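In: Sharing a model that was predicted from the sequence below.
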Amino acid sequence: MTSAELATCMNTNAVVVRRTMAGLRKAGFVRSEKGHGGGWEIACDLTKVTLKDIYEALGSPALLAIGIHLEGPPCLVEQAVNQSLTGAFQEAEALLIGRLGDVTLAALTDDYRRRAAKFKNHTSRVRT
């Protein structure tokens, strides 16, 4: 698929897709062809690549939107909250990263195919 096609599927901008895919290409998970008929394609064994591998290839971005954003906030209440929750945020992120390591791209592909088949069966029954 092209970056534009992927962007349409993901409801984002093609530039965002190209930046993301560049990280995945550097890790060897995808490859790309330029020009007419070109685009992105998977270049790895789906049974061996996990969501954790993808996460790491993308630079291990922050996973939790909520969290501690200032190291030394001036507000005493914020300092107390941060002190109380720092460990919990670290534990939650470690648990999530661990789970990412349990999910292979092959498992996601299988799940997608099952869902697509059910969707196709459902929509064909609705149209008749």
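Out: Right, received. Where do you want to start? Numbers count the residues shown, from 1 in each chain.
In: after the helix or strand where Arg25 lies comes which helix or strand?
Out: Arg25 is part of helix 14-26 when elements are defined by DSSP states H and E. Next along the chain after helix 14-26, taking DSSP H and E as the criterion, comes strand 30-33.
In: Could you give the number of residues near Phe29?
Out: 19 (other C-beta atoms under 10 Å). For glycine as for every other residue, the C-beta is placed from the backbone atoms N, C-alpha and C.
In: That one: what's it in contact with?
Out: By C-beta atoms under 8 Å, 6 or more residues apart in numbering, Phe29 lies in contact with 42-44, 49, 53-54, 57.
In: Distance of it relative to Asn82?
Out: Relative to Asn82, Phe29 is positioned 36 Å away (C-beta to C-beta, to the nearest Å).
In: helices and strands of the chain: which one bottoms out on pLDDT?
Out: The weakest-scoring helix or strand in the chain, judged by mean pLDDT, DSSP states H and E, is helix 105-127 (a mean of 86).
In: list the helices and strands it packs on?
Out: helix 51-57 (3 or more C-beta pairs under 8 Å, 6 or more residues apart in numbering; DSSP states H and E).
In: Just after the helix it packs on, pick out the following helix or strand.
Out: helix 76-100.
In: what about burial for the contacts of Phe29, which qualify?
Out: 49, 53-54, 57 (16 or more other C-beta atoms under 10 Å).
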